[in-house]
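J.: how does the following fold in three dimensions:
(2 chains)
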Amino acid sequence: ETGVTQTPRHLVMGMTNKKSLKCEQHLGHNAMYWYKQSAKKPLELMFVYNFKEQTENNSVPSRFSPECPNSSHLFLHLHTLQPEDSALYLCASSQAGPNGEKLFFGSGTQLSVL
Amino acid sequence: DQQVKQNSPSLSVQEGRISILNCDYTNSMFDYFLWYKKYPAEGPTFLISISSIKDKNEDGRFTVFLNKSAKHLSLHIVPSQPGDSAVYFCAVGFSGNTPLVFGKGTRLSVIA
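T.: Numbers count the residues shown, from 1 in each chain, chains lettered A, B, ... in the order given. A predicted model of the protein is given here:
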């Protein structure tokens, strides 16, 4: 148990659906992240939130819409996705400090877009 | 262009032997280096890290070596155990700053 909980674990959706991924961290961290892991690719950073403020958007298409209502919760709203968006979506949190960032990941949501 | 490269997508090692996983990075300004381990259906978990002021960090069976001049990082696991079978991600970054940049991962299989 890493202290970062993601739901749902699996999601199948059509291209016209709207769904949301949820992430909650119980570690008291001040930063939260969304990463995407596709087959045979590095983990790709999507969004970064520090103290509820978005500090990085890594050129992510607008069909992915993040929301961070507080430092413990992070959502990723999905709409009109494409089949190539099928991937494992990982949430992570961290507490910045002088020794660098150590990320704590959730178990991920395996997304399939049909 | 990839900033972090793990050129071996997979590695098989006999139980009890040493596993060596390699990672190369392009930006000499990176000063914080980490290894993460990922089992199927789970998120990556932190394994070991090293800062640029050191060239070696050891934690039990796991040792990370840093060669700054070569911009090369390696993870040694000895002795390897079947439970070490997983995907290992190299990650690099800047101390006290985000975000980490990850490699593609190397799938390690430890054969009993």
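
J.: ok, the lowest-mean-pLDDT helix or strand in chain A: who's next to it in the sheet?
T.: One helix or strand of chain A scores below all others by mean pLDDT, DSSP states H and E: strand A:53-57, with a mean of 80. Partners of strand A:53-57 in the sheet, by DSSP bridges, are strand A:44-50 (antiparallel).

J.: residues in contact with the helix or strand of chain B with the lowest mean pLDDT?
T.: Of the helices and strands making up chain B, the lowest-confidence element is strand B:101-102, at a mean of 90, by mean pLDDT, DSSP H and E. With contact meaning CB atoms under 8 Å, 6 or more residues apart in numbering or on different chains, strand B:101-102 is reached by A:35, A:42-43, A:45, B:3-4, B:25, B:30, B:36, B:89-93. From N, CA and C alone the C-beta is placed, and that goes for glycine too.

J.: wait, residue B:51 touches residue B:64, no?
T.: No: in terms of CB atoms under 8 Å, residue B:51 does not count as a neighbour of residue B:64; the distance is 10.6 Å.

J.: nearest the geometric middle of chain A, what residue?
T.: Nearest residue to the geometric centre of chain A (CA atoms, centre = their mean): residue A:34, 2.7 Å.

J.: where does the chain have low pLDDT?
T.: No chain was given, so I picked chain A. Low-confidence segments of chain A (pLDDT under 70): A:1, A:96-101.

J.: ah, no, chain B please
T.: B:1, B:96-98.

J.: chain A contacts on that one?
T.: Residues of chain B that fall close to chain A, judged by CB under 8 Å from any CB of the partner chain: B:2, B:4, B:9, B:31-32, B:34, B:36, B:41-46, B:49, B:51, B:89, B:91, B:93-105.

J.: please spell out the PyMOL selection for the buried subset of the residues you listed.
T.: The following PyMOL line selects those of these that are buried, judged by 16 or more other CB atoms under 10 Å in any protein chain shown:
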select buried, chain B and resi 4+31+32+34+36+43+44+49+89+91+93+94+95+98+99+100+101+102+103+104+105
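
J.: the residues of chain B next to chain A in strands, which ones?
T.: If you go by DSSP state E, these have B:4, B:32, B:34, B:36, B:45-46, B:49, B:51, B:89, B:91, B:93, B:101-102 in strands.

J.: could the residues you listed be laid out in JSON lines, adding distance to residue A:108?
T.: Listed next are these as JSON lines, based on distance: CB to CB, whole Å:
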{"residue": "B:4", "distance to residue A:108": "20"}
{"residue": "B:32", "distance to residue A:108": "24"}
{"residue": "B:34", "distance to residue A:108": "18"}
{"residue": "B:36", "distance to residue A:108": "13"}
{"residue": "B:45", "distance to residue A:108": "12"}
{"residue": "B:46", "distance to residue A:108": "16"}
{"residue": "B:49", "distance to residue A:108": "22"}
{"residue": "B:51", "distance to residue A:108": "28"}
{"residue": "B:89", "distance to residue A:108": "13"}
{"residue": "B:91", "distance to residue A:108": "16"}
{"residue": "B:93", "distance to residue A:108": "21"}
{"residue": "B:101", "distance to residue A:108": "19"}
{"residue": "B:102", "distance to residue A:108": "14"}
